[in-house]
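A.B. asks: Provided below are the primary sequence and the corresponding predicted coordinates.
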Amino acid sequence: MSRIVKRVRKTPYSVTGSGTQFICGCGLSGNLPFCDGTHLATADEVPGQLYWYDAAKSRHGAAHGYEDIVSDSP
């Protein structure tokens, strides 16, 4: 399944309890909700640019913007 991502976070969320777990912040992990390191592939994304990832987790630039896209930015 493909999806368009407008990313403002490139790192996982650290959650501490009986041990430390890392929750995926990029949405690309193959082990959701946990981080599997896939976010490292997003390191060179250009801020403000939209990308979409295919099932093989290959990145593609979105040809145009989507005004109604949901963002988690404050």
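C.D. replies: Nice, thanks for sending it over.
A.B. asks: for the residue nearest the centre of the chain, which non-adjacent residue is spatially closest?
C.D. replies: By Cα atoms, centre = their mean, the chain has its centre lying nearest to Cys26, at 2.2 Å. Using Cβ to Cβ, 6 or more residues apart in numbering and skipping the chain neighbours, the partner closest in space to Cys26 is His39 (4.1 Å). Using the backbone N, CA and C atoms, a C-beta is placed for each residue, glycine as well.
A.B. asks: re earlier: now the residue nearest to the centre of the chain. Its backbone dihedrals?
C.D. replies: Main-chain dihedrals, Cys26, degrees, to the nearest 10: phi -100, psi -20.
A.B. asks: surely it meets Leu40?
C.D. replies: No. Checked against Cβ atoms under 8 Å, the pair Cys26 and Leu40 is beyond contact range at 9.3 Å.
A.B. asks: which residues do those two both contact?
C.D. replies: Common contact partners of Cys26 and Leu40 (Cβ atoms under 8 Å, 6 or more residues apart in numbering): none.
A.B. asks: for Arg9, give its distance to His39.
C.D. replies: Relative to His39, Arg9 is positioned 9 Å away (Cβ to Cβ, to the nearest Å).
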